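Participant: coordinates only, sequence not included:
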C-alpha cells in the first residue's frame, strides 16, 4: 500500500550514444545510419518538450554533431542521413503554435544546412503564411546562415533569395525587413567560388536587393506601408554604400552605382510624403535625418564616379533642411538631383 501511494515518476528512455565520430564519414552502413536516426529522433522529439530547459538542451545536442570538428565540417552524407529523420520533426515544430519551439527548430535547420532544411525555412519568412514577426525574423536569419554552405547548390540558394525578396516587398515589420535585406547583402558578398556559382549568385542578389529597395520606396511614397520602414532603409543604404566601395566588389561597382543612384534620389519624397507620421515619432524623426544624410553622401560619391569631372548639384545638406523643418528646401534639392538622375 505504501508503494502504491508514492507519486508516479515518468521514466524516459536513456539518451542514445553520441554520434560525433560519424559526422565526417563519407559512407555509412545500416548500423551507423540507424544510430544517426535514433539520435535525431530522440533529441528531435525533445525539441518539442514543454520545458524550455529541455528544448534548449535538445537544440544544443542536435547542433553539436554539425559543428566543425578538428577543422572538418560534417559531411554531406552525414547531414543527409541526419536530415531524413530530423527535418520532418523540425518542420512540424516550425509550423506549430509555440513561437519558442518554432525558433529553436529553425535554428537547428539552419545548422543542418541541406536543401530540405532550407525548404523548411522558406515558408515561415512569408507574411502571408506566417503572422508572427519573430518567426519571420529567424527564418530570414536561418536562410542567411545557409548561403555559403557547400551542401546546398547555388540554384537552390537563389530560389530562397527570391522567396526572401518577395516577402520583403510585403513586409511591414522594420526589424524583419532589415534582416531580410542583410541576408541579401550577405549573398552579394558570398564566398562561393566563381566556378561554384558565386559570381552568378552575386549578380542575382544585387538585382533582388534593388528590386526590394525600389518596391519599399514605392510603398512609402504611396502611403501603403508604415513609415517605420525607414528604420530598415537607413542601415540598408549603409550596406549599399559599403558594397559600392568594397575592393572585392569592384567588378560590380558601376552596376551598383547605376542601380543605387535613382533610388537614393527618391529618399527626399519618402520624407516629404510621410513627414507628419515621422515627426510624431522621435525615433523615426532621428532616423529620417540619418537617412537623408546617408542618401546624399552616397549619391555624391556615386555621382563623382559616374560623371567624373562634373560638379554635383549645389544643394543645402538634407539633414540640415530636415532638422529645420524646411520641406520646400528638401523639394528643391530633390528637383536639382532629378535633373542629374
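Facilitator: Looks like it came in fine. Owing to the predicted nature of the structure, the values given are computational and were not obtained by experimental measurement. Numbering: from 1, shown residues only.

Participant: list the contacts for residue 307?
Facilitator: Residues near residue 307 by C-beta atoms under 8 Å, 6 or more residues apart in numbering: residue 340. Any C-beta I mention is one placed from the backbone N, CA and C, and that applies to glycine too.

Participant: Ok, residue 40 next?
Facilitator: Shown in contact with residue 40 (C-beta under 8 Å, 6+ apart): 62, 82, 85-86, 89.

Participant: next structured bit after the host helix or strand of it?
Facilitator: Using DSSP states H and E, the element containing residue 40 is helix 30-46. As assigned by DSSP H and E, the chain's next helix or strand after helix 30-46 is helix 52-63.

Participant: contacts for that next one?
Facilitator: With C-beta under 8 Å, 6+ apart as the criterion, helix 52-63 contacts 40, 43-44, 46-49, 86, 100-101, 104, 107-108, 111.

Participant: Give me the buried entries from these.
Facilitator: Taking 16 or more other C-beta atoms under 10 Å as the criterion, what is buried in these is 40, 43-44, 46-48, 86, 101, 104, 107-108, 111.

Participant: Go through the helix holding residue 40 and flag the buried ones.
Facilitator: By 16+ other C-beta under 10 Å, the buried positions in helix 30-46 come out as 32-33, 35-40, 42-44, 46.

Participant: ok, now which ones touch the residue nearest to residue 223 when sequence neighbours are not counted?
Facilitator: Of all residues not flanking residue 223 in the chain, residue 273 sits nearest, at 6.6 Å (C-beta to C-beta, 6 or more residues apart in numbering). Each residue near residue 273 by C-beta under 8 Å, 6+ apart is listed here: 220-221, 223.

Participant: Dump those to a markdown table, plus pLDDT, distance to residue 319 and secondary structure.
Facilitator: Shown next, in a markdown table, are these (pLDDT from 0 to 100; distance: C-beta to C-beta, whole Å; DSSP: H, G, I helix; E, B strand; the rest coil):
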| residue | pLDDT | distance to residue 319 | secondary structure |
| --- | --- | --- | --- |
| 220 | 96 | 18 | helix |
| 221 | 94 | 20 | helix |
| 223 | 90 | 23 | coil |
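
Participant: among these, who's most crowded?
Facilitator: Neighbour tally across these (other C-beta atoms under 10 Å): the maximum, 22 neighbours, falls on residue 220.

Participant: Quick check: that residue vs residue 243, distance?
Facilitator: Counting by C-beta to C-beta, to the nearest Å, the gap from residue 220 to residue 243 is 22 Å.

Participant: Surely residue 257 and residue 305 touch.
Facilitator: Yes - look at residue 257 against residue 305 with C-beta atoms under 8 Å: they come within range, at 6.2 Å.

Participant: neighbour count winner among the two?
Facilitator: Legend: neighbour count by other C-beta under 10 Å for residue 257 and residue 305, higher for residue 257 (20 against 12).

Participant: so which strand or helix has that one?
Facilitator: helix 253-264.

Participant: So what's the gap between that helix and the chain middle?
Facilitator: Its chain's average C-alpha position is 22 Å from that of helix 253-264, according to C-alpha atoms, centre = their mean, to the nearest Å.

Participant: I would like the residues contacting it, please.
Facilitator: Here helix 253-264 makes contact (C-beta under 8 Å, 6+ apart) with 206-207, 210, 213-214, 217, 237, 240, 243-244, 249, 295-296, 298-299, 302-303, 305-306, 341.

Participant: let's see it at 6 Å
Facilitator: Identification of contacts with helix 253-264 by C-beta atoms under 6 Å, 6 or more residues apart in numbering yields 210, 213-214, 240, 243-244, 295, 298-299, 302, 306, 341.

Participant: So of the residues you listed, which two are at opposite extremes in space?
Facilitator: Maximum pairwise distance among the contacts of helix 253-264 (C-beta to C-beta): 19.2 Å, between 243 and 341.

Participant: In terms of neighbours, single out the busier of these two.
Facilitator: Higher neighbour count among residue 243 and residue 341: residue 243, with 22 against 15, using other C-beta under 10 Å.

Participant: From residue 256, how far out is that one?
Facilitator: Distance from residue 243 to residue 256, by C-beta to C-beta: 6 Å.

Participant: before we move on, what about residue 217?
Facilitator: When C-beta to C-beta is the yardstick, residue 217 and residue 256 sit 17 Å from each other.

Participant: Which elements pack onto the helix or strand hosting residue 217?
Facilitator: Secondary structure from DSSP H and E places residue 217 in helix 198-222. Identification of packing neighbours for helix 198-222 by 3 or more C-beta pairs under 6 Å, 6 or more residues apart in numbering; DSSP states H and E yields helix 154-168, helix 174-188, helix 253-264, helix 267-273.
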